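**Student:** Give me a 3D structure for the following:
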Amino acid sequence: MAEVEERLAALEAQVAELIERLGGGDGPAPLPEGVFWALDGLKQRLPADGAGAVLYTGTVRVGGQHYDWQYGRGVEDLLADDWADLPVVLSALAHPVRLRLLREILGGRQGTAELAGIEDLGTTGQLHHHLRQLTGAGWLRSAGRGRYAIPAERVVPLLAILTAAGR
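**Tutor:** Residues are numbered from 1 along each chain as shown. Next up is the predicted model:
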């Protein structure tokens, strides 16, 4: 029993030392200055008595292109909006083939012939079905001659949705 008590005392001492190093045990350790620079900037622009806002922003270099994008909305406006059209936009992303197509197109494979050559995307008819779904929801646009592109204003929102989904 004495051995167990010694081991427990040693563990308690290690925990106390860790707590001291992480901020003294009075709550979470303060974050370094500037960690939430985007959030801090957003808060400075909002009225103190408002419901808040949501902001997403990004700078992306992919597929030989560069995209800078920032968009924000007030929470009150978001909650007051009609959400009836959102399922179509979001459900277009809810298929593995469509996500794969978006990734390939973002990476530079934009022609239907190039896309049809990718394994596991299905038949040409299925490919065109998925392209129509993505185009109808605004995630793609026709770039002419059987080529597709993700509209510039949709690149960062798409990546923000994927980030929010846990990827």
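**Student:** can you list the domains in the chain?
**Tutor:** In the domain annotation for the chain, the residue ranges read 2-45, 82-164 (automatic domain parsing).
**Student:** quick one: which of these is nearest residue 58?
**Tutor:** For those, the distance to residue 58 is smallest for domain 82-164, at 3.8 Å, taking Cβ to Cβ. In short, each C-beta sits where N, CA and C put it, glycine included.
**Student:** picking up where we left off before, and the domains of the chain, which one is worst for confidence?
**Tutor:** For those, mean pLDDT drops lowest on domain 2-45, to a mean of 73.
**Student:** Now do it: distance from first to last residue.
**Tutor:** Between the opening and closing residues of domain 2-45 there is a gap of 61 Å (Cα to Cα, to the nearest Å).
**Student:** just stretch 79-95 next, same as before
**Tutor:** Stretch 79-95 stretches 27 Å from its first residue to its last (Cα to Cα).
**Student:** Could you list the residues in contact with it?
**Tutor:** For stretch 79-95, contacts defined as Cβ atoms under 8 Å, 6 or more residues apart in numbering pick out 51, 98-99, 102, 130, 133-134, 136-139, 158, 161.
**Student:** switch the cut-off to 6 Å
**Tutor:** With contacts defined as Cβ atoms under 6 Å, 6 or more residues apart in numbering, stretch 79-95 is touched by 133, 134, 137, 139.
**Student:** Deepest-packed of the domains of the chain, please.
**Tutor:** Per residue and on average, the most neighbours among those fall to domain 82-164, with a mean of 15 (mean count of other Cβ atoms under 10 Å).
**Student:** gap between the two ends of that one?
**Tutor:** Span of domain 82-164 from end to end, Cα to Cα: 22 Å.
**Student:** How far off centre is that domain?
**Tutor:** Between the mean C-alpha location of domain 82-164 and the chain-wide mean there is a distance of 16 Å, by Cα atoms, centre = their mean, to the nearest Å.
**Student:** picking up where we left off before, how about the domains of the chain in TSV, adding distance to residue 57?
**Tutor:** As requested, the domains of the chain are arranged in TSV below (distance: least, Cβ to Cβ, whole Å):
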stretch	distance to residue 57
domain 2-45	6
domain 82-164	7
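**Student:** To residue 63, which of these lies closest?
**Tutor:** domain 82-164 (4.1 Å).
**Student:** Break down this structure into its strands, ranges please.
**Tutor:** Assigned strands in the chain, in chain order: 53-62, 65-74, 141-144, 147-149 (criterion: DSSP state E).
**Student:** residues in contact with the shortest one?
**Tutor:** Outside strand 147-149, the residues that touch it by Cβ under 6 Å, 6+ apart are 105, 110, 111, 140, 141, 143.
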